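# here are the coordinates; sequence isn't available:
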């Protein structure tokens, strides 16, 4: 029997082997993924439309880690948005009342 140094054949592991969709999604959200592209529509040598697309997919924790947290200060996404709108309306009404009172005081002092 000849001496053989060949290893038994094993399947080469791949990235998706044994990975479920949940595993892949967890990796993407943990590390983040950036998709960037430019779209340009031209007729002849005249550019009619140019669109730059930048997309970042990550978890909230990863986004905060890299300095992206715009949703925290967006009043439409905040639970306090209704309260802020009401306070703003009250302040505007108060300013209008004060300006009206100031006009009446000025007109009374000139008479």
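Sure, I can see it. For clarity, every value in this text was computed on a predicted model and none was experimentally measured.
# from the chain's centre, how far out does the longest helix along the chain sit?
Criterion DSSP state H: the longest helix present in the chain is helix 81-110. Taking the mean C-alpha point of helix 81-110 and that of its whole chain, the gap between them comes to 37 Å (CA atoms, centre = their mean, to the nearest Å).
# taking the mean pLDDT, what do you get for it?
The predicted model assigns helix 81-110 a mean pLDDT of 91.
# mind checking the backbone torsions on residue 45?
phi -100, psi 10 (degrees, to the nearest 10).
# domain parsing for the protein?
For the chain, automatic domain parsing gives the domain ranges 19-68, 69-111.
# I'd like the ones you listed written out as JSON lines, with mean neighbour count added.
Every C-beta, even on glycine, is put in place using the N, C-alpha and C of the backbone. Putting these into JSON lines (neighbours: other CB atoms under 10 Å) gives the following:
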{"stretch": "domain 19-68", "mean neighbour count": "11"}
{"stretch": "domain 69-111", "mean neighbour count": "10"}
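# so where's this structure uncertain?
Under the criterion pLDDT under 70, the flagged ranges of the chain are 1-18, 75.
# just the helices in it please.
According to DSSP H, the helices that the chain contains are 21-31, 60-65, 81-110.
# With distance to residue 43 added, can I get those in TSV?
Converted to TSV, the helices of the chain look like this (distance: least, CB to CB, whole Å):
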stretch	distance to residue 43
helix 21-31	38
helix 60-65	39
helix 81-110	44
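# closest to residue 74 out of those?
Closest approach to residue 74 among the helices of the chain (CB to CB): helix 81-110, 8.4 Å.
# Who are the packing partners of that closest one?
Helix 81-110 is packed against no helix or strand, with contacts defined by 3 or more CB pairs under 8 Å, 6 or more residues apart in numbering; DSSP states H and E.
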